[in-house]
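Q: Need coordinates for the following:
(one chain, ligands or ions: 1)
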Amino acid sequence: MRRLLDSTRWRFVVCVAVSNLLSGLLSLFLWMPLASRILPPGHVLTPWIPMLFSIVLALPISSFVSRRSARPIQDMVEATKAISRGDYSVRVAETGTGDIAELLRSFNRMTAELGSTEMMRNDFINTFSHEFKTPIVSIRGFARRLRKGGLTMQQQNEYLDFIAEESERLSHLASNVLLISRYETQKLVGEQTVYDMDEQIRTCVLRLESQWSPRNLIFEVNLPHLPCRNNMEMMEHVWMNLIGNAIKFSRDGGVIFLDGKKENARITVSIRDEGIGIRPEDQKHIFDKFYQGDSSHAAEGNGLGLALVQRIVELSGGTIEVESSPGKGSTFRLTLPQDCGAEDSHTPGSWP
Ligand code: ADP
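A: Numbering: from 1, shown residues only. Okay, the predicted model is just below:
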């Protein structure tokens, strides 16, 4: 900024000097030949007239030169007004050299960035509204059908079950959206507790029993003692989502492997299933909000789980990666610092 102000000041000084020089030269070359013809030699007005002449000429010249040099700034003022009205398509001409040119380029980059953020926000609102509307429409349909009457007891129960399921879906969607927006604004991992991560993962498997037990899924759990300091509530969302997905995308009777290890004050946990797998083109997007490999919504979900998991892992200073082959299964591998609160959570040796 200081450099920019300096260069603007220099531009102004150069403008004034150039306009003075031009007007001086013009008055010299125009007036001097005229003076010798019009005024007698040594007339009292001879030295004054070039000065007046130079002032009169300097005014339009300096106004032209300064308007030219102020043009990029004026363009930017106009563009800023357009942005404040919500028009992010506006761009300024990238003219000139040096700091002004750099400023114009940065300005255009900024508006492009703002435009794409706005597009993402609009996309999010559109998808969110769509995801919300679908269950509401079916709840309304079933409720109307029930009010009409004339249904058997079995039909009534079926419709009531649909209503309960769709309400559950809505409530799940709302809580995931709230969690994502909360964690996206959060900069730190938040309240931390010292606890055993292996125990937490086992508890999540038990909590999901109603989903895996009727489908005869088997868990092969190989978790050593994994003491850690982290945000328990957040990490619970991670395991519930990853194990929930492994269950959801496994074939009946399949095996889910949970492995863990600690090394250099970092914990690695992998969740492997032998389910349907993820196509390479889908793997790039599975962490995007609302992305579902199967857009038919045949498998229940809302495409927010992995976006939430990724954000939590990021907040904890960890990483998550996926390996998958369609038809063979998927492995999600997480690496987390054992102590999220440590100044440098990569420092080895501070944890048992
Ligand atoms: P949801 O499961 O609610 O659809 P997620 O964000 O958890 O949303 O997952 C996004 C997508 O990633 C899923 O729709 C699915 O296509 C794919 N996916 C995630 N986990 C697995 C898995 N273990 N096996 C196969 N596909 C998976």
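
Q: what's the following helix or strand after whatever helix or strand residue 206 lives in?
A: With the criterion set as DSSP states H and E, the secondary-structure element containing residue 206 is helix 197-207. Secondary structure here is assigned by DSSP H and E; on that basis, the next helix or strand after helix 197-207 toward the C-terminus is helix 209-212.

Q: pLDDT on that next one, on average?
A: Predicted confidence along helix 209-212 averages 94 (mean pLDDT).

Q: Stretch 187-205 too?
A: The predicted model assigns stretch 187-205 a mean pLDDT of 91.

Q: buried ones in that stretch?
A: Of the residues in stretch 187-205, those with enough neighbours to count as buried (16 or more other Cβ atoms under 10 Å) are 189, 192, 197, 198, 200, 201, 202, 204, 205. Backbone N, C-alpha and C define where each C-beta goes, glycine included.

Q: same check, this time on stretch 177-187
A: Applying a neighbour-count criterion of 16+ other Cβ under 10 Å, one finds 177, 179, 180, 183 buried in stretch 177-187.

Q: my guess is the second one meets residue 305, correct?
A: No: with contact defined as Cβ atoms under 8 Å, residue 179 does not reach residue 305; the gap is 10.2 Å.

Q: middle-most residue in this protein, spatially?
A: Among the residues of the chain, residue 117 comes closest to the average C-alpha position under Cα atoms, centre = their mean, at 7.0 Å.

Q: Confirm that one sits in a helix?
A: Yes: secondary structure assignment (DSSP: H, G, I helix; E, B strand; the rest coil) places residue 117 inside a helix.

Q: Distance of it relative to residue 41?
A: Distance of residue 117 to residue 41, computed by Cβ to Cβ, to the nearest Å: 74 Å.

Q: ok, now residue 172?
A: Here residue 172 is placed at a distance of 101 Å from residue 41 (Cβ to Cβ).

Q: just residue 259 next, same as before
A: Residue 259 is 107 Å from residue 41, where distance means Cβ to Cβ.

Q: and if you look at residue 229?
A: Counting by Cβ to Cβ, the gap from residue 229 to residue 41 is 98 Å.

Q: The two: which is more packed in?
A: It is residue 229, of residue 229 and residue 41, that has more neighbours when counted by other Cβ atoms under 10 Å, with 19 against 7.

Q: what residues are up against residue 287?
A: 306, 307, 309, 310, 320 (Cβ atoms under 8 Å, 6 or more residues apart in numbering).
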